[in-house]
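S.K.: I would like the atomic coordinates for the input below:
(chains A, B, C and D)
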Number of protein chains: 2
Amino acid sequence: MATSDSAPRARGEYAKSSQRRKEIISAAVEVFSESGFRDGTLRTVAERAGMTHAGMRHHFPTKVDLLEAVLKWREVETLERARLTHPIGIDVIRTWIASVAENTTRPALVELEAVLSAEAISADNPAHEYFNDLYRRAEDLLTRAFATMAERGELRAEIESEVAARLVLSTTLGLQSLWLRNRSIDVATELRIYTGVLLTVEL
Amino acid sequence: MATSDSAPRARGEYAKSSQRRKEIISAAVEVFSESGFRDGTLRTVAERAGMTHAGMRHHFPTKVDLLEAVLKWREVETLERARLTHPIGIDVIRTWIASVAENTTRPALVELEAVLSAEAISADNPAHEYFNDLYRRAEDLLTRAFATMAERGELRAEIESEVAARLVLSTTLGLQSLWLRNRSIDVATELRIYTGVLLTVEL
DNA sequence: GTCTATAAACCGATAGAC
DNA sequence: GTCTATCGGTTTATAGAC
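M.R.: I've put the predicted structure just below:
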């Protein structure tokens, strides 16, 4: 799945086309966040990007191609940020919570994930495997962090690493979905309280 | 819609119509669970109920009418059950967890709520207010229970009732949505572990 | 109560002009 | 690159026969 612009000829044309793609993806994020993938229409996306849906086809031949671009955008916006710093142990948890806090400033991102991932529960949804994989990797990341902490005696002895990881992940997902309905909830603070209870050290 | 027919006849017809409605609702729960409200079609629902979608219109004039019936059925199946036993304090939490455990035997119910509630994040969704209200009432129920427990010293002193309530609710929602992707997760057990950490007494 | 048949609207995809 | 025009398919809703 390499990018389609593999042969960069004139730099100007490439930059312009790249900019257009970004505008379309941005519009698609809005529409898919509001209406989901199935009900979000190409005509609506195109309208917000200032085009017709037929013109958009030059950049994204099918609707699924557009979805894949949106998911890739989402990926870059979230996981990459946390991975570049290579934290270990308790710093993974701190980075996780900081990332959740930052998400509070970007409701569109949170809503996109909530809506698309729920749709993707159906096995025939084009994003089904994407979200299965996403959550499995998140669980692995947290499990490794808690395992390291357990060796150091920083995790309560009666809590297994895998269980702690799933609790943090599920609480994050649940709190975010409640927050989408009631923006007065302080997601990061409540997540920090909850996670702190699992530990023997200060978070 | 009462006919001029006399009693025995009318009773039979009424019971038949009521039974037909239940069959349609049952089919709608299946279809909406699998495909959501927007993508789940009246034709599919009707087919599973052994009718045509036009014939179904006699029982549910519009698609939104059918959705409302499904939501009402779901309501009766869950929250009502917990409310009828009138538990207080820690017994509310125990009843909650027992209810979550029972949900494990009914994936369609859990998937229905996950898919419909995510769709209903959009303010223009017909079930938007329904889910806002549902989660607010669940939070109130749990907050009152934890407040009672706090008075009895059963809740860790540093945890506020409102926060404990939201943590249990969000963890429940998050665990269920992970469970829909990986059925090997023991939702009730992990929820019990997590809730137990918040308490000073055995759950 | 349930059916057949169809209206009216909308969807994604595409052909072809410019 | 973007447009107009349109195709084939799908949807909800409805009219009317039985």
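S.K.: Any buried residues in the host helix or strand of residue A:195, and which?
M.R.: Residue A:195 is part of helix A:187-197, with elements assigned from DSSP states H and E. Buried residues in helix A:187-197, counted by 16 or more other C-beta atoms under 10 Å in any protein chain shown: A:187, A:188, A:190, A:191, A:192, A:193, A:194, A:195, A:197. C-beta coordinates here come from the backbone N, C-alpha and C atoms, glycine included.
S.K.: what residues go with each domain of chain A?
M.R.: Domain assignment for chain A, taken from automatic domain parsing, gives A:1-69, A:85-203.
S.K.: now stretch A:101-121: how far from the chain's centre is it?
M.R.: With C-alpha atoms, centre = their mean, to the nearest Å as the basis, stretch A:101-121 stands 7 Å off its chain's centre.
S.K.: what does chain A have sitting close to DNA strand C?
M.R.: A:40, A:41, A:42, A:43, A:44, A:53, A:54, A:57, A:61, A:62, A:63, A:64 (C-beta under 7 Å from any atom of the strand).
S.K.: With just CA atoms, put the helix or strand the last one falls within into PDB.
M.R.: Same thing as residue A:64. Assigned by DSSP H and E, residue A:64 belongs to helix A:63-83. The C-alpha atoms that make up helix A:63-83 are tabulated as PDB, following Å, rounded to 0.1, in the frame of the first residue of the first chain:
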ATOM      1  CA  LYS A  63     -15.100   5.300  -1.000                       C
ATOM      2  CA  VAL A  64     -13.000   2.700   0.700                       C
ATOM      3  CA  ASP A  65      -9.800   4.400  -0.600                       C
ATOM      4  CA  LEU A  66     -11.000   7.500   1.100                       C
ATOM      5  CA  LEU A  67     -11.700   5.700   4.300                       C
ATOM      6  CA  GLU A  68      -8.200   4.200   4.300                       C
ATOM      7  CA  ALA A  69      -6.700   7.700   3.900                       C
ATOM      8  CA  VAL A  70      -8.700   8.900   6.800                       C
ATOM      9  CA  LEU A  71      -7.600   6.000   9.000                       C
ATOM     10  CA  LYS A  72      -4.000   6.600   8.100                       C
ATOM     11  CA  TRP A  73      -4.400  10.300   9.000                       C
ATOM     12  CA  ARG A  74      -5.900   9.300  12.300                       C
ATOM     13  CA  GLU A  75      -3.100   6.900  13.000                       C
ATOM     14  CA  VAL A  76      -0.400   9.500  12.300                       C
ATOM     15  CA  GLU A  77      -2.200  12.000  14.600                       C
ATOM     16  CA  THR A  78      -2.200   9.700  17.600                       C
ATOM     17  CA  LEU A  79      -0.100   6.600  17.900                       C
ATOM     18  CA  GLU A  80       3.000   8.000  16.100                       C
ATOM     19  CA  ARG A  81       3.300  10.800  18.600                       C
ATOM     20  CA  ALA A  82       3.500   8.400  21.600                       C
ATOM     21  CA  ARG A  83       5.900   6.000  19.800                       C
END
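S.K.: Least confident of the domains of chain A, on average?
M.R.: If the domains of chain A are sorted by mean pLDDT, domain A:1-69 sits at the bottom with a mean of 84.
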